[in-house]
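S.K.: dropping the sequence and predicted coords here.
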2 protein chains.
Amino acid sequence: MTLGAIAYLSGGVGGARLLDGLAAELEPSQLTAIVNVGDDFDHLGLRICPDLDTVMYTLAGVADEARGWGLSTESFRALEMLGSYGADTWFQLGDRDLATHLMRSNALARGQRLTEVTAYLAKALGVGPRLLPASDAPLRTRIATRDAGVLDFQDWLVRRRAAPEVEAVRFEGSTRATEEVLAALEQADVVIVGPSNPYVSIDPILRLEGVRQRVQARPVVAVSPIVDGRAVKGPLARMIPALAGRPASAGAIASHYGGLLAGMVVEHGDERETSRQHPDLAVRGATTVMKSRGDRGALARAVLAFAAELSP
Amino acid sequence: MTLGAIAYLSGGVGGARLLDGLAAELEPSQLTAIVNVGDDFDHLGLRICPDLDTVMYTLAGVADEARGWGLSTESFRALEMLGSYGADTWFQLGDRDLATHLMRSNALARGQRLTEVTAYLAKALGVGPRLLPASDAPLRTRIATRDAGVLDFQDWLVRRRAAPEVEAVRFEGSTRATEEVLAALEQADVVIVGPSNPYVSIDPILRLEGVRQRVQARPVVAVSPIVDGRAVKGPLARMIPALAGRPASAGAIASHYGGLLAGMVVEHGDERETSRQHPDLAVRGATTVMKSRGDRGALARAVLAFAAELSP
């Protein structure tokens, strides 16, 4: 079938890049991204939403692609001055990035919903597809570690460079998706799960009331964030053995999502092992590591074709 | 007599420069600056205190002396990005300056008093003398204009470049000085009023409960912000005719302070006319226009010598 509306679940960098590819293939009105907010945190009185910002900057073409976070042509003069005041500087607040956090924090303080201010900022930057935070209320992913206790997600990931070994992932705060998220899932012909970390990027979305049930009612295609046993970015490859008790593989990702998936796109070469682990899952090979903008478009087309095949 | 403790009342640039000169002549423990907070305002969720910042940056040696506001080697990348989000950009928020506003706003949101966070920031920048905001609670100077209604001070001064003609100056908010301010005035051997705008920089301090009475009990020396009928900086020269119904002159400043003053330091050449207008006031001529750091020290020494002569 020809796909109409697509709901896309996303974390940060990997999810953002495939979304950028999808955006180039689809009409903006066809595509709604539902973005993880479990990484969000408050820092110096600012609400910082790393995944929403990465997605927004990537789609606006202003992301620093080489560094993998933040804005291109960024400077860090405010951060330097914050350091001379003795403030924490482990989170790299860029000068241009600060404008985003200021606009968002001020809007929230004035009573706007995160959904509203996200739409405002994305429109100002010329982003086409709709970007929806999974929840308007704060939802906080916390990492229970073997040796360092329970840590806030950014503390674990950025400040401690994901070094403390993970024992469990916990969620605190909001259990409610927004009305916009629930409506987007209901209207979707297919749900695509980006190549994001299932534990800390996708689970925080799926756990919200009514989300899993609505996702489950649609054909779901996930793109594996694990390539040949390794994570393209981030701590996922070490989290899978710790949390699932098995080696990292695309098959382990499929197992984590369980009955949710109609199909999974894996890196060329990972098809056979994934199918061996999941004989009933439709598996499609593609180049999932996106180094260039061309890679994004090619992966997007492969995912869309696969999703169309799997749709009734 | 030899002066022990000095309380100094200050607005922005002119007040800050003489204070810097005084700081070079005195032990830090001798000098307490009580700084106007009537210019303070909230912008994008940040508490901005222009006079406190000008005083702090000037004493720390990091002020942009040529521009007359903000920090040296400043950049404006956050502001540029704020502009692309459609935010108001008439207030020139520098990147480094933003760090000050973030630290302050976050501390206030966590329940610190403005007095406390000011002390913290000033110490971090290596400022010697004690800097006290006149009040911890918001106090807002408002400008009643002939044609543009009643305006917030920064709106009038910065956004509208002080163009709307002033009919009256009003104060809203706090009427309470801090305990630290009242104690500093009680312990002072002399009070020095900087070459600041009496209407919008010094009056907001003097009107706080208990301040005028404590100032009056000490020998008070003011430095005229009017030189040969002109203001060194800012809209003061146009405010005097509008508010006092007389031409701008050092004598008009002395009249405004009235019985408060034991003496006034005026620019060389303004002595005779000032004494003619105020036969009972001690008047001292000096170079009050401070172009160089040397000028600050020379004026400070002249003011201190004059104040010592006038002290019992």
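M.R.: Yep, it's here. Numbers count the residues shown, from 1 in each chain, chains lettered A, B, ... in the order given.

S.K.: shaky segments in chain A?
M.R.: Applying pLDDT under 70 to chain A flags residues A:1.

S.K.: residue boundaries of the helices in it?
M.R.: With DSSP state H as the criterion, chain A has helices at A:13-25, A:50-60, A:77-84, A:95-109, A:114-124, A:153-154, A:179-187, A:203-206, A:211-216, A:236-244, A:250-257, A:271-277, A:293-310.

S.K.: can you list contacts of the shortest one?
M.R.: To tie it back to what came earlier, the one meant is helix A:153-154. Outside helix A:153-154, the residues that touch it by Cβ atoms under 8 Å, 6 or more residues apart in numbering or on different chains are A:38-39, A:41, A:43, A:48, A:50, A:91, A:140-143, A:200. From N, CA and C alone the C-beta is placed, and that goes for glycine too.

S.K.: hmm, A:V35 and A:L52 touching each other?
M.R.: Yes - assessed by Cβ atoms under 8 Å, A:L52 is found in contact with A:V35 at 5.1 Å.

S.K.: quick check: residues of chain A near chain B?
M.R.: By Cβ under 8 Å from any Cβ of the partner chain, the residues of chain A that approach chain B are A:44-46, A:71, A:74-75, A:77-82, A:84-87, A:95-100, A:102-103, A:105-106, A:109, A:120-121, A:124-125.

S.K.: and A:D228, what does it touch?
M.R.: A:267, A:269-270.

S.K.: distance of the spatially most central residue of chain A relative to B:Y257?
M.R.: Centroid-nearest residue in chain A, with Cα atoms, centre = their mean: A:G11, separated by 0.7 Å. Distance, A:G11 to B:Y257, by Cβ to Cβ, to the nearest Å: 64 Å.

S.K.: please apply the same query to A:V55.
M.R.: From A:V55 to B:Y257 the distance is 59 Å (Cβ to Cβ).

S.K.: more neighbours, the two?
M.R.: A:V55 (31 against 18; other Cβ atoms under 10 Å in any protein chain shown).

S.K.: where do the contact lists of A:L52 and A:V35 overlap?
M.R.: In contact with both A:L52 and A:V35: A:131, A:133, using Cβ under 8 Å, 6+ apart.

S.K.: could the helices of chain A be laid out in a markdown table, adding distance to B:D189?
M.R.: As requested, those are exported to a markdown table (distance: least, Cβ to Cβ, whole Å):
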| stretch | distance to B:D189 |
| --- | --- |
| helix A:13-25 | 63 |
| helix A:50-60 | 55 |
| helix A:77-84 | 35 |
| helix A:95-109 | 45 |
| helix A:114-124 | 54 |
| helix A:153-154 | 52 |
| helix A:179-187 | 66 |
| helix A:203-206 | 63 |
| helix A:211-216 | 70 |
| helix A:236-244 | 67 |
| helix A:250-257 | 75 |
| helix A:271-277 | 84 |
| helix A:293-310 | 71 |
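
S.K.: and the ones you listed: which comes nearest B:R17?
M.R.: Closest of those to B:R17 is helix A:77-84, at 22.5 Å (criterion: Cβ to Cβ).

S.K.: residue of the stretch 201-312 of chain A closest to chain B, please.
M.R.: Residue nearest to chain B within the stretch 201-312 of chain A: A:R293 (22.5 Å; Cβ to the nearest Cβ).

S.K.: just give me the neighbour total for that residue.
M.R.: 14.

S.K.: what sits up against stretch A:229-242?
M.R.: Here stretch A:229-242 makes contact (Cβ under 8 Å, 6+ apart) with A:13-14, A:68, A:157, A:162, A:165-167, A:195, A:197-200, A:225-226, A:246-249, A:252-253, A:288-289.

S.K.: of those residues, grab the buried ones for PyMOL.
M.R.: Restricted to buried positions by 16 or more other Cβ atoms under 10 Å in any protein chain shown, the PyMOL selection for the contacts of stretch A:229-242 reads:
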select buried, chain A and resi 13+14+157+162+166+195+197+198+199+200+225+226+248+249+252+253+288+289
